[in-house]
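>>> Show me the folded form of this:
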Amino acid sequence: MQAMQSLGRAQAWQAPCTQLQTPVRVTGLSRRPLRARCQAVKQNALTELRQLIKSVESELKTVKPANEPQDTPEGREESHVDASDDTSKSASKAVPQAANPRNLVFVTSEVAPWSKTGGLGDVLGSLPIALAARGHRVMVVTPRYAEYAEPQNTGVTINVMGHDMTYYHHHFKGVDWVFVDHPSFPRPGGLYADEHGVYGDNQFRFMLLSLAGLEAPLQLPLGEKGLYGQDCVFVANDWHSAMVPVYLAGKYRPHGVYTKARSIMCIHNLRHQGVFPPGTFSSLGLPDEWYHAIEYQYPPHMRQGSYAEEGRSVNTLKGGITTADRIVTVSPGYSEEIRTFLGGWGLEGMLNDRGPVLTGIVNGVDEDDWNPATDKHIAKNYDLTNFKEGKRACKMALQEELGLPVNPDIPMIAFIGRLDYQKGADIMLQAAPWMMSQGVQLVCLGTGTADLENGLRWLEAAYKDQARGWVGFNVAMSHKITAAADILLMPSRFEPCGLNQLYAMSYGTVPVAHATGVLGTGV
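Numbering: from 1, shown residues only. Okay, the predicted model is just below:
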């Protein structure tokens, strides 16, 4: 519901496609001092949070106690989704319907529960469902990294730039989930890298994904309505699909295709921009005159590791930002932060220029998956009526499962997230000896860089009776830890939005977070 409330504030979704051609400048906003703008954003966030708390309290009064039967659909395993299209729960809620339903096509490198490394997968696994419930026709196009059980071969194979790709399809909760099959997608390591580093062909892999996403509405007859056709709104997510608006403008529209279609560039994390050598432009299949749309020349102080003495490169995300009709970020605060040198990662000038079409929308929580009153993964369901008993039972069950001393009175601290510089996993490991001296238990779950993964292994080996480090990601375990912990650590150096703090607050777990980005206003 939070996701739907947040989406209701995004007026760009409801505007007719023809209006997306002309940016609407908000007069006076760009002239306000940064401090005043930040204060206004903070005040708005606090007001929305108060309203959200009131609405949650009123809703919880109507929640059935945990010992009563719950009318919930079958849940999803980590690598399996219930094949039935259960919309009974969504139908029972009064969901506002869109005044102008659209054909929405999300192109993404990951989508939960099939593929996930962080919040991007969570958002793309829940946002399309919320939009479909509002009456939009929604398709999600993503790589087929493995032989998933649910998607079936459509028999449709396309040839793009000499490469054959086959579409697999699964209709679930009102959404067309489309998986692109190509030999470059499955890897024995992670989605983007393995223990040896980032895959050297990522530019090629996600170029194919972008083109497959643009071809899907034209090639795939899905359901009774058939083809999505050319009247679509494409939503590109992060650099992996940032070539969608570039190809739309430079490869399709000049030939009279998708002339009515529009594109939205959604920035989940600006730090990762898809930067490659300038010589790789010729492999992208764009006309020569489009080079400057995706070229970026880094300033002198940022040229370390650049591909030429002049600091020139092919910057994929920059191309998406310059060519998209609208730009969306995952929180209002982040939309302000990326327009400053502190959070712009070199693109702040360009984002300021595109300020009139830049909007921040707070991420939301899928209450079908993240609800302690109905969560199938935890030992005991709970709500406000049995909060203490539920948390106590969940903690004891997790302690027993992980081989820790079973004592509900021992404070349990948790860390869940990517093991990288942004999330501050190294800060947590540096503070671990002091935390252990306080007699607490520390449970960590995550995957990322090899040194930090080894840090979790060191933590568990050094403090066998107090700490556990799970290297990898497990959906069920993330729910169990969130329900059992007393405190969730989020020492992020910067945070566009984050979802774990929202999950924690929903489960009565106190988030202790660095006051940066949305964490500074939303906790």
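
>>> which residues of this structure score low on pLDDT?
Scanning the chain for pLDDT under 70 picks out the ranges 1-93, 304-309, 517, 521.

>>> Find the centremost residue of it, please.
Nearest to the geometric centre of the chain sits L120, at 1.8 Å (CA atoms, centre = their mean).

>>> Once you drop chain neighbours, what's closest to it?
Spatial nearest neighbour of L120, excluding adjacent residues (CB to CB, 6 or more residues apart in numbering): H268 at 5.1 Å. Placement of C-beta: from N, CA and C, glycine included.

>>> Could you do M165 as well?
Closest residue to M165 apart from its sequence neighbours, by CB to CB, 6+ apart: H182 at 4.9 Å.

>>> do you know how far the one you found is from A515?
Counting by CB to CB, to the nearest Å, the separation of H182 from A515 is 43 Å.

>>> So for those two, which residue has more residues nearby?
The neighbour count for H182 versus A515, taken as other CB atoms under 10 Å, is higher for H182 (18 against 9).

>>> Tell me who's in contact with that one.
Neighbouring residues of H182 by CB atoms under 8 Å, 6 or more residues apart in numbering: P143, R144, H163, D164, M165, T166, R205, L208.

>>> Pick the one among these closest to L351.
R205 (26.4 Å; CB to CB).

>>> and that closest one, what element?
helix 202-219 (DSSP states H and E).

>>> just checking, what packs against that helix?
Judged by 3 or more CB pairs under 8 Å, 6 or more residues apart in numbering; DSSP states H and E, helix 202-219 is in contact with strand 103-107, strand 137-143, strand 152-160, strand 163-172, strand 175-181, strand 233-237, helix 243-247.

>>> mind saving the C-alpha coords of the third one as PDB?
This file holds the C-alpha atoms of strand 152-160, laid out as PDB (Å, rounded to 0.1, in the frame of the first residue of the first chain):
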ATOM      1  CA  GLN A 152       7.500 -20.900 -20.700                       C
ATOM      2  CA  ASN A 153       9.100 -20.600 -24.100                       C
ATOM      3  CA  THR A 154       7.000 -18.400 -26.300                       C
ATOM      4  CA  GLY A 155       8.500 -19.800 -29.500                       C
ATOM      5  CA  VAL A 156       9.400 -16.200 -30.500                       C
ATOM      6  CA  THR A 157      13.000 -15.700 -31.400                       C
ATOM      7  CA  ILE A 158      14.400 -12.400 -32.700                       C
ATOM      8  CA  ASN A 159      17.700 -11.600 -34.300                       C
ATOM      9  CA  VAL A 160      19.300  -8.400 -33.200                       C
END
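
>>> Which strands border it, and is each parallel or antiparallel?
Using DSSP bridges, the strands paired with strand 152-160 are strand 163-172 (antiparallel).

>>> and the partner strand with helix 202-219, angle?
On the basis of axes from the mean of the first three to the mean of the last three CA atoms, to 10 degrees, strand 163-172 is oriented at 60 degrees to helix 202-219.

>>> Need the contact partners of strand 163-172.
81-83, 85, 144, 148, 150-154, 156-159, 176-182, 208, 212, 216, 219-220, 222-223.

>>> hang on, the earlier thing: quick check: which of the helices and strands packed on helix 202-219 is nearest to P372?
For the helices and strands packed on helix 202-219, distance to P372 was read as CB to CB. The smallest value, 24.0 Å, belongs to strand 163-172.

>>> List the buried residues of the closest one.
By neighbour count with 16 or more other CB atoms under 10 Å, strand 163-172 contains the buried residues M165, T166, Y167, Y168, H169, H170, H171, F172.
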